[in-house]
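>>> What shape does this take:
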Amino acid sequence: MFVTVNRTEQVIEAEALLVDKDCKPYTESLNLSAAGAKVGRQGSVHGSLRIKPY
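Here you go, the predicted model:
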């Protein structure tokens, strides 16, 4: 199988492969918008969650 990681193509050899095609982040209960984070439609976090000085 060929995969791309950090823009580099790699080959993975295995006897079996398990893929979770419906994997999504569970961020609904974290109230990330209160921390100033932008959350995408499918629950993915956009941007940085680092604490910024005043």
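
>>> all contacts plus neighbour counts: C-alpha atoms, from now on.
Will do.

>>> gap between the residue positioned nearest the centre of the chain and residue 12?
What sits nearest the mean C-alpha location of the chain, by C-alpha atoms, centre = their mean, is residue 44, with 6.1 Å. Distance of residue 44 to residue 12, computed by C-alpha to C-alpha, to the nearest Å: 26 Å.

>>> returning to that earlier point: give me the nearest residue to the residue nearest to the centre of the chain, chain neighbours excluded.
Among residues not flanking residue 44 along the chain, residue 25 sits closest, at 6.1 Å (C-alpha to C-alpha, 6 or more residues apart in numbering).

>>> And residue 21, how far from residue 30?
From residue 21 across to residue 30, the span is 23 Å (C-alpha to C-alpha).

>>> now residue 38
Taking C-alpha to C-alpha, one finds residue 38 at 12 Å from residue 30.

>>> those strands in the protein, which residues are they?
Secondary structure of the chain (DSSP state E): strands at 2-5, 8-11, 38-39, 45-46.

>>> Of those strands, which stretch is the most buried?
strand 38-39 (a mean of 16; mean count of other C-alpha atoms under 10 Å).

>>> Can you list the strands that that one pairs with?
Its sheet considered, strand 38-39 pairs with strand 45-46 (antiparallel) by DSSP bridges.

>>> residues in contact with the strand it pairs with?
Contact with strand 45-46 is made by 37, 38, 39, 40, as judged by C-alpha atoms under 8 Å, 6 or more residues apart in numbering.

>>> Turn the strands of the chain into TSV, columns for distance to residue 17 and mean pLDDT.
Listed next are the strands of the chain as TSV, based on distance: least, C-alpha to C-alpha, whole Å; pLDDT from 0 to 100:
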stretch	distance to residue 17	mean pLDDT
strand 2-5	12	80
strand 8-11	13	87
strand 38-39	30	82
strand 45-46	27	78
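
>>> low pLDDT regions in this protein?
Scanning the chain for pLDDT under 70 picks out 23, 47-54.
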